[in-house]
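*Asks:* Predicted coordinates and the sequence they were generated for:
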Amino acid sequence: MDAQRTLKRSISCAGIGLHSGKKVNLSLKPAAANTGIRFRRTDLGGIEIPARATHVGAVAYATQLTSGGATVETVEHLLAALASARIDNAIIDLNTREVPIMDGSSAPFVYLLQEAGVKVLAVPRQYLKIMRPVTLSKGDKQIALYPADQFKVTYTIGFDHPLLRHQSRAITVTEHSFAEEIAPARTFTFLKEVEMLRQNGLALGGSLDNAIVIGDTGVLNSSLRFEDEFVRHKILDLIGDLSLVGHPVVAHAVVTRGGHALHTAMATQLLAEPDAWQLVEAPSDVPTPATAVPVTATN
């Protein structure tokens with residue numbers, strides 16, 4: 001049996017909210033089987049906010065969840081780390097509205113989860129296996145989920161900037177490949193947008209220590225962690241946002257020019273099309289239909 005998992009012990013960290021600029025104390029705690037991932041606002045009397053697509057709020061520059069008049073923001077990097085570590089159940093306590101940005105990637109959260117350890121629970125885990133294509137387009141942005149036997153991502157980005165006109169990466173996402181190839185990729189922004197963001201009360205905690213800042217001719221940071229760090233970070237965001245489905249997704253996700261709004265819209269649409277998937281206790285339980293994927297990208 002592929003069993004559900006939680007943390008072996010509680011573990012805490014502190015940091016700064018990327019958009020709020022406020023100090024955040026965050027604790028990751030074990031939870032019982034079938035609890036799922038739940039945020040808990042300790043500053044608001046313990047209001048719980050489930051990490052589910054039905055609780056998505058604003059998705060402009062980060063993914064926000066809301067419940068009972070409370071919100072939690074910038075959840076995607078932590079959710080990506082939890083999903084890729086196959087942690088199905090956890091309580092996340094925090095004392096303000098935003099998950100700390102740490103270094104702008106998922107790597108610090110991967111480290112925390114490794115330090116906390118894993119506890120295997122005596123309840124089967126269920127996978128959401130795609131049985132027919134599910135597609136969504138918004139202008140020049142597209143996302144599609146195709147049947148597959150593993151979770152794969154093919155992601156392409158393009159911006160009106162000489163450094164980012166086109167980047168593509170294809171990867172089979174496993175706990176190891178995420179930790180090594182995706183988790184260290186940092187969030188990024190354009191220098192020309194920073195002042196606009198701050199005038200709107202965003203990016204108040206942003207710095208070169210927790211984001212890649214792109215100027216007219218190159219990055220302001222001393223170096224990149226990967227030559228294609230930008231598209232890798234988009235894959236990271238996608239993994240976190242798709243985890244809001246509530247089950248690990250078994251599919252080949254093909255995305256062009258995506259973002260939080262498109263990712264979370266797909267999570268919502270997927271739940272609204274139950275004929276497109278089956279819940280299985282192992283990815284190979286149901287044979288994958290022979291469905292051609294029309295996009296093939298290389299690294």
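*Replies:* That came in fine, so what should we check first? Here the structure is a predicted model, which means the values were calculated and not measured.
*Asks:* Only C-alpha atoms from now on, for both contacts and neighbour counts.
*Replies:* OK.
*Asks:* Toward the C-terminus, what is the element adjacent to the worst-scoring helix or strand of the chain on mean pLDDT?
*Replies:* Lowest mean confidence among the helices and strands of the chain (mean pLDDT, DSSP states H and E): helix 191-199, at a mean of 83. For helix 191-199, the succeeding helix or strand toward the C-terminus, using DSSP states H and E, is strand 212-214.
*Asks:* quick one: the residue of the chain positioned farthest from its centre and Ser168, what's the gap?
*Replies:* In the chain, counting by Cα atoms, centre = their mean, Thr217 sits farthest out from the average C-alpha position, at 29.0 Å. In this view, Thr217 and Ser168 are 21 Å apart by Cα to Cα, to the nearest Å.
*Asks:* mind listing what Ala51 touches?
*Replies:* Residues counted as contacts of Ala51 (Cα atoms under 8 Å, 6 or more residues apart in numbering) are Gly36, Ile37, Arg38, Phe39, Leu65, Leu244, Gly246.
*Asks:* domain ranges for this structure?
*Replies:* Following automatic domain parsing, the chain resolves into domains at 3-124, 127-280.
*Asks:* TSV for these, including distance to Thr288?
*Replies:* TSV is the format used below for the domains of the chain (distance: least, Cα to Cα, whole Å):
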stretch	distance to Thr288
domain 3-124	21
domain 127-280	6
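*Asks:* for these, which one sits closest to Val286?
*Replies:* domain 127-280 (7.4 Å; Cα to Cα).
*Asks:* and the end-to-end length of that closest one?
*Replies:* Domain 127-280 end-to-end distance (Cα to Cα) = 5 Å.
*Asks:* Just the residues contacting stretch 108-119, thanks.
*Replies:* 5-12, 77-78, 81-82, 85, 87, 102, 179, 183.
*Asks:* how many other residues sit next to Asp209?
*Replies:* Close neighbours of Asp209, defined as other Cα atoms under 10 Å, add up to 13.
*Asks:* so what's it up against?
*Replies:* Applying Cα under 8 Å, 6+ apart, the residues near Asp209 are Asp103, Gly104.
*Asks:* Can you give me every residue that contacts the spatially most central residue of the chain?
*Replies:* Centroid-nearest residue in the chain, with Cα atoms, centre = their mean: Gly240, separated by 1.5 Å. Residues near Gly240 by Cα under 8 Å, 6+ apart: Val75, Glu76, His77, Leu78, Leu79, Ala80, Ala81, Ala83.
*Asks:* any chance of these in JSON lines, with pLDDT, neighbour count and secondary structure too?
*Replies:* Shown next, in JSON lines, are these (pLDDT from 0 to 100; neighbours: other Cα atoms under 10 Å; DSSP: H, G, I helix; E, B strand; the rest coil):
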{"residue": "Val75", "pLDDT": "98", "neighbour count": "21", "secondary structure": "coil"}
{"residue": "Glu76", "pLDDT": "98", "neighbour count": "26", "secondary structure": "helix"}
{"residue": "His77", "pLDDT": "98", "neighbour count": "31", "secondary structure": "helix"}
{"residue": "Leu78", "pLDDT": "98", "neighbour count": "24", "secondary structure": "helix"}
{"residue": "Leu79", "pLDDT": "98", "neighbour count": "24", "secondary structure": "helix"}
{"residue": "Ala80", "pLDDT": "98", "neighbour count": "28", "secondary structure": "helix"}
{"residue": "Ala81", "pLDDT": "98", "neighbour count": "28", "secondary structure": "helix"}
{"residue": "Ala83", "pLDDT": "98", "neighbour count": "25", "secondary structure": "helix"}
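*Asks:* Just the helices from the stretch 51-200 of the chain, written as ranges.
*Replies:* 76-84, 107-116, 175-177, 191-199 (DSSP state H, counting those that start in this stretch).
*Asks:* Most tightly packed of those?
*Replies:* Neighbour counts (mean count of other Cα atoms under 10 Å) averaged over each of these peak at helix 76-84, with a mean of 26.
*Asks:* That helix - contacts with which helices or strands?
*Replies:* helix 107-116, helix 229-242 (3 or more Cα pairs under 8 Å, 6 or more residues apart in numbering; DSSP states H and E).
*Asks:* quick one: that helix to helix 229-242, angle?
*Replies:* Interaxial angle of helix 76-84 relative to helix 229-242 (axes from the mean of the first three to the mean of the last three Cα atoms, to 10 degrees): 70 degrees.
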